[in-house]
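In: this one's structure only:
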């Protein structure tokens, strides 16, 4: 008989609330899977004002809030996926990324997508080890 892994839903008011049928994050065993984080201000629910630098900072801050709500830290992130509205923003996003992530860096993928919700410039999700 297969063993069922218990799933725990992670939610925090420090990050934007889910606006559809998803959770901010789900913990399964010692792994945390975050939903994609848009550059939304948690208090207003609106995209932050500013360029891709401002958007990248906010999306990562939202990600950190969720990771910390699970009792973990940004240092425990093992995989990051970045979805970009314009792949030309990769260098700017990477510059912001290195303010939060340090060597050894998590594994990462980055893709240009046709569009993102609310016309955001990026969306970021992560897989994290929870201790």
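Out: Cool, got the structure. All values reported here derive from a predicted model rather than from experimental measurement. Numbers count the residues shown, from 1 in each chain.
In: Number of residues surrounding residue 101?
Out: 18 (other Cβ atoms under 10 Å). Quick note: C-beta positions are derived from backbone N, CA and C, even for glycine.
In: OK, contacts around it?
Out: Contact analysis of residue 101 by Cβ atoms under 8 Å, 6 or more residues apart in numbering lists 74, 77, 80.
In: I'd assumed residue 128 was in contact with the second one.
Out: Yes - between residue 77 and residue 128 there is a contact under Cβ atoms under 8 Å: 5.1 Å.
In: quick one, which of these two is more surrounded?
Out: Per other Cβ under 10 Å, whichever of residue 77 and residue 128 has more neighbours is residue 128, with 27 against 23.
In: is it true that that one touches residue 28?
Out: No - using Cβ under 8 Å, residue 128 is not in contact with residue 28, being 11.4 Å away.
In: ok, back up a step: save the contacts of residue 101 as a markdown table, and put in distance to residue 41, pLDDT and secondary structure too.
Out: Conversion of these to a markdown table gives the following (distance: Cβ to Cβ, whole Å; pLDDT from 0 to 100; DSSP: H, G, I helix; E, B strand; the rest coil):
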| residue | distance to residue 41 | pLDDT | secondary structure |
| --- | --- | --- | --- |
| 74 | 20 | 97 | helix |
| 77 | 22 | 98 | strand |
| 80 | 21 | 98 | strand |
